[in-house]
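J.: Pasted the sequence and its predicted model underneath.
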Amino acid sequence: MFQRILLTTSLLLIGTIGHCQTVNEVLQQMGKQYSAARPFQYHSEYTLYKNAESKKIEQSYKGIFMKNAANEIYLKIDQTEILNSKTVNIKISHPEKAILLSDPIRNYFGSLDIKPLLEFCEIESFKDCKTYWEITLTAKNYSSLPYSRIIIQVSRKFFLQKSIFYYSSTVNFSKDYRMPKPSYPRLEVTNTNFSRKAVNATLFTSPYYFTSCGKNICVLASRLKQYQVIDQRNISNK
């Protein structure tokens, strides 16, 4: 359950410049940092709490984000790997020993554009916190978002250093199905170690995943040969 939340959240979002006056300027500069055709990587920590005020960690996973100069994306969250290249989208679930192949996600090539989110949210506040900017978004009535509120923190170098998601739907935290304990969870995503150094090129190459991959069949690399392949690519792209 938690990993599904993480993947949904991750795919949604996904030099110091002087003081910015408006939220639009901060979002614009942040977008430029993430969309630049340059290598980019950082580490992430995903922490789930039972409710909006809780300080007790229910679950926590670590992850890494990498983008190469071609704006292809490699993402790892705990035991799940995702590659979004120019030719294919690969999702590997190691616990399930399954690989899902699909067409590339065209609007997810390294950019981080918050503006589409503003169609479903309103800006509640914009604060200058000295070392970062904090933007609070609240979901509009009847929006399809699973969150009631989102808080994002943008560093002075225009990197997304933290996101806090307050969920509008409940999750059952009880281990006993006969005694459900529904609650509205809070997910905090903290990003650190931002770097423009060259990323591991191997993670973006086909041999890391396949020895060969054609229209109708893919032969997996030795490390994945026991995995099941679910191919959902459009037939015209195979």
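T.: Cool, got the structure.

J.: Glu72 touches Thr87, doesn't it?
T.: No: between Glu72 and Thr87 there is no contact under CB atoms under 8 Å: 9.4 Å. In this view, the C-beta of every residue, glycine as well, is placed from N, C-alpha and C.

J.: Which secondary structure elements does the helix or strand hosting Glu45 sit against?
T.: Assigned by DSSP states H and E, Glu45 belongs to strand 40-49. Here strand 40-49 touches helix 2-13, strand 57-67, strand 186-195, going by 3 or more CB pairs under 8 Å, 6 or more residues apart in numbering; DSSP states H and E.

J.: run the last query once more with 7 Å
T.: Secondary-structure packing of strand 40-49 (3 or more CB pairs under 7 Å, 6 or more residues apart in numbering; DSSP states H and E): strand 57-67, strand 186-195.

J.: any chance of those in a markdown table, with mean pLDDT and mean neighbour count too?
T.: Conversion of these to a markdown table gives the following (pLDDT from 0 to 100; neighbours: other CB atoms under 10 Å):
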| stretch | mean pLDDT | mean neighbour count |
| --- | --- | --- |
| strand 57-67 | 95 | 17 |
| strand 186-195 | 97 | 16 |
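
J.: Could you check which of Glu72 and Thr87 is surrounded by more residues?
T.: Comparing Glu72 with Thr87 by neighbour count (other CB atoms under 10 Å), the higher total belongs to Glu72, at 19 against 11.

J.: Tell me how far the closest residue to the more buried one other than its chain neighbours lies from Asn172.
T.: Spatially, and ignoring its direct neighbours in sequence, Glu72 is nearest to Ser85 (4.6 Å; CB to CB, 6 or more residues apart in numbering). For Ser85, the distance to Asn172 equals 37 Å [CB to CB, to the nearest Å].
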